[in-house]
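Asker: Starting from these lines, generate the structure:
(chains A and B)
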Amino acid sequence: NAGVTQTPKFQVLKTGQSMTLQCAQDMNHNSMYWYRQDPGMGLRLIYYSASEGTTDKGEVPNGYNVSRLNKREFSLRLESAAPSQTSVYFCASSEVTGLTEAFFGQGTRLTVV
Amino acid sequence: KQEVTQIPAALSVPEGENLVLNCSFTDSAIYNLQWFRQDPGKGLTSLLLIQSSQREQTSGRLNASLDKSSGRSTLYIAASQPGDSATYLCAVDNTDKLIFGTGTRLQVFP
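Answerer: Sure, this is the predicted structure:
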């Protein structure tokens, strides 16, 4: 019963390096989301995908790109990491946007030095 | 712009107490409201989902209510236990995305 799986769990990057955070869900959900969580700021939406083949910007999209590879997978890419992107990143999915329960992965703790 | 506020930010209670966590939101045009639990260093676990047409939902010792017109929800925890210690987050679903409050950090001591 995997649910939402994120890789990696931890990552340290140097400023300017790039990386891709991977997310996969096995619940046949249509909608997937990427959030970041920072102390005192709560969770903020970076990008979301309401269905396979579509992506939309959330509250804090600058510095990130996403790919909805297929119905199961939704990746988040940092092209040129900055210290301000140090955060915990969460992927989530739901069956139907706006109507059903959201399920979250365990998070990726990213540090940019 | 939808804003979600949770009060109090932190709460410490002795085991066995009944307690209420509060969540307020500024835009009443929501699809649903969810309550989540987050343990330190972990992801979020969904506790209760209340659709916009519903007034409350119950799961075990948890009861969540929703008053859309006033922009408020409460999470009631009965007979609290040390295992309930965690951060509780509410989120409203507003135009295809969840907007989160900053959470209430709950500590239940024996």
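
Asker: ok, which residues in chain A are in contact with chain B?
Answerer: Residues of chain A lying close to chain B by CB under 8 Å from any CB of the partner chain are A:4, A:31, A:33, A:35, A:40-45, A:48, A:50, A:56, A:58, A:90, A:92, A:97-107. (Each C-beta comes from the backbone N, C-alpha and C, glycine too.)

Asker: What's the ChimeraX syntax to select whichever of these are buried?
Answerer: Buried members of those, defined by 16 or more other CB atoms under 10 Å in any protein chain shown, are picked up in ChimeraX with:
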select /A:4,31,33,35,42,43,45,48,50,58,90,92,97,98,100,102,103,104,105,106,107
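
Asker: OK, contacts around the residue minimising distance to the centre of chain A?
Answerer: In chain A, the centroid-proximal residue (CA atoms, centre = their mean) is residue A:34; its distance is 2.8 Å. By CB atoms under 8 Å, 6 or more residues apart in numbering or on different chains, residue A:34 lies in contact with A:21, A:23, A:45-48, A:58, A:64, A:66, A:74, A:76, A:89-92.

Asker: Sheet-wise, list the partners of the helix or strand where it lies with their directions.
Answerer: Secondary structure assignment for residue A:34, by DSSP states H and E: strand A:31-38. Here strand A:31-38 has these sheet partners by DSSP bridges: strand A:42-49 (antiparallel), strand A:87-94 (antiparallel).

Asker: all strands of chain B, in order?
Answerer: B:4-7, B:10-14, B:19-25, B:32-38, B:44-51, B:56-59, B:62-67, B:72-77, B:86-94, B:97-100, B:104-109 (DSSP state E).

Asker: now these as TSV including distance to residue A:8, mean pLDDT and mean neighbour count?
Answerer: Below are the strands of chain B laid out as TSV (distance: least, CB to CB, whole Å; pLDDT from 0 to 100; neighbours: other CB atoms under 10 Å in any protein chain shown):
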stretch	distance to residue A:8	mean pLDDT	mean neighbour count
strand B:4-7	30	94	18
strand B:10-14	31	96	13
strand B:19-25	33	96	19
strand B:32-38	20	95	23
strand B:44-51	19	93	19
strand B:56-59	33	95	14
strand B:62-67	33	96	19
strand B:72-77	33	97	20
strand B:86-94	23	92	24
strand B:97-100	24	86	24
strand B:104-109	27	96	17
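
Asker: Compare these and give me the one nearest residue A:85.
Answerer: strand B:97-100 (18.9 Å; CB to CB).
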